[in-house]
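**Student:** Kindly return the folded structure for what I paste below:
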Amino acid sequence: LPTCILCTCLGTSVYCDDRELEILPPLLKQTTNFYTPYNRIKKIKRNAFAHLNMLNNNILEIHEDTFCKINDHTYICKPLKENRLDDNPINLYVPAPFAYWKLFLSLDNNSSIV
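**Tutor:** All right, here's what the predicted structure looks like:
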């Protein structure tokens, strides 16, 4: 089903709050904000957020618990063994949060890597 039938689309924001979704709906290319609290999402497909841009943010650090259930690194952190950050305006990558994983990290097409 189209995103705006499943969710509420207001301008460039998509609100999918409490819709009992099991998969993410396809995002419109103009989407800048995407909200999905209180759903049943079990899997996020590859490139699900590919059309979202950095919106003039300069992410310099990702905390080790950003994608983890509170203090439970077995819940979501285990699948984060391969992270691709291609085509993002990254100026610095701090590997410390992910240092205990053996991971593949692709940083192609970025302005500079320190």
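**Student:** quick one: contacts for the closest residue to Cys16 other than its chain neighbours?
**Tutor:** Nearest residue to Cys16, sequence neighbours excluded (C-beta to C-beta, 6 or more residues apart in numbering): Cys7, at 3.9 Å. The way it works is simple: take the backbone N, C-alpha and C, and place the C-beta from them, glycine included. By C-beta atoms under 8 Å, 6 or more residues apart in numbering, Cys7 lies in contact with 14-16, 19, 25.
**Student:** one more time with 10 Å, if that's ok
**Tutor:** Going by C-beta atoms under 10 Å, 6 or more residues apart in numbering, Cys7 touches 1, 13-17, 19, 21, 24-25, 27, 34-36.
**Student:** give the contact list for Gln9.
**Tutor:** Not Gln; residue 9 is Cys. Contacts of Cys9 (C-beta under 10 Å, 6+ apart): 2-3, 15-16, 28, 30-31.
**Student:** correct me, but Tyr35 touches Pro25?
**Tutor:** No. Using C-beta atoms under 10 Å, Tyr35 makes no contact with Pro25, being 12.0 Å away.
**Student:** so what sits against both of these two?
**Tutor:** What both Tyr35 and Pro25 touch, as defined by C-beta under 10 Å, 6+ apart, is the set 7, 14, 16.
**Student:** out of those, which are inside strands?
**Tutor:** With strands taken from DSSP state E, the overlap with those comprises Val14.
**Student:** coming back round to it: for the contacts of Cys7, pick the one with the most neighbours.
**Tutor:** Val14 (23 neighbours; other C-beta atoms under 10 Å).
**Student:** Do you know the pLDDT at that one?
**Tutor:** Val14 is assigned a predicted lDDT (pLDDT) of 90.
**Student:** The closest residue to Glu20 other than its chain neighbours and Pro25, how far apart?
**Tutor:** Distances taken as C-beta to C-beta, 6+ apart put Arg40 closest to Glu20, at 5.8 Å, once the chain neighbours are dropped. For Arg40, the distance to Pro25 (C-beta to C-beta, to the nearest Å) stands at 13 Å.
**Student:** which residues are in contact with both of those two?
**Tutor:** Here Arg40 and Pro25 have Arg19 as joint contacts, going by C-beta under 10 Å, 6+ apart.
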